[in-house]
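K.L.:
Fold the following and give me the result.
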Amino acid sequence: MAVFKAVKNGLALALVCFLLSSCGFHLKQASSLPDNLKLITLIGDDEKSALFEQLQKELLASEVELTSSSKNVAQLYLRKETIERQTLSLFKNGQVAEYELAYGVSYVLKHPNKDAIEKRFELYRNYQDDPDNALAKAKELELLINEIRKQASRRIVRELSQL
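P.N.:
The predicted structure is shown next:
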């Protein structure tokens, strides 16, 4: 009886392994940048912004060497981020119940002796507002914007890897 149970469990495990391998599931690998982007000069409108610092971290994590201005190196110019807030719904008393955040990012990649590539994208998030918990909602909004910044910096690196 114990042998039968062990064989049954072994077959079930083999079946699960076979199904996972046959479905094409693979863990996501880190974005790999082309060799001509392994050395970049990163500049921006606001080099002290949270997005600029987050992008620096993402580039370093992708094994990109950041250097000061040089003529023979690709230059990534990060423009100022934009955050717009739009009302989505209201409470019965007329106070705002829900907002939509539109977080816009644009950047320009300049290769030596090539045309500049300009990219822009927006990320959207909805969040609920509660006037009774204004302090907690302000902190939640701050955390939400930080997460959007991380996602935006990852997207920039991913877009650079596809160029």
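K.L.:
SS state for the closest residue to residue 112 other than its chain neighbours?
P.N.:
Distances taken as CB to CB, 6 or more residues apart in numbering put residue 72 closest to residue 112, at 5.4 Å, once the chain neighbours are dropped. Glycine gets a C-beta too; all of them are placed from N, C-alpha and C. Look at residue 72: counting by DSSP: H, G, I helix; E, B strand; the rest coil, its state is coil.
K.L.:
Could you report the neighbour count for residue 72?
P.N.:
7 (other CB atoms under 10 Å).
K.L.:
Okay, strands next: where are they in the chain?
P.N.:
39-44, 65-66, 74-78, 82-90, 96-110, 117-128 (DSSP state E).
K.L.:
between the first one and strand 74-78, how many degrees?
P.N.:
Using axes from the mean of the first three to the mean of the last three CA atoms, to 10 degrees, the interaxial angle of strand 39-44 with respect to strand 74-78 works out to 20 degrees.
K.L.:
cool, the fourth one as well?
P.N.:
Using the same axes, to 10 degrees, one finds that strand 82-90 and strand 74-78 are set 40 degrees apart in direction.
K.L.:
Centre of the chain to strand 82-90, how far?
P.N.:
21 Å (CA atoms, centre = their mean, to the nearest Å).
K.L.:
what do you get for stretch 65-81?
P.N.:
19 Å.
K.L.:
now for that stretch, what's the gap between its first and last residues?
P.N.:
23 Å (CA to CA, to the nearest Å).
K.L.:
Show residues contacting that stretch.
P.N.:
Applying CB atoms under 8 Å, 6 or more residues apart in numbering, the contact partners of stretch 65-81 are 36-46, 49, 51-52, 55-56, 59-60, 103-112, 149, 152, 156, 160.
K.L.:
Let's test this: mean pLDDT of that stretch, rounded?
P.N.:
Averaged over stretch 65-81, pLDDT sits at 87.
K.L.:
again with stretch 90-98
P.N.:
83.
K.L.:
Show me which of the contacts of stretch 65-81 are buried.
P.N.:
In terms of neighbour count (16 or more other CB atoms under 10 Å), the buried residues within the contacts of stretch 65-81 are 37, 40-42, 44, 51-52, 55-56, 59, 103, 105-107, 109, 149, 152, 156, 160.
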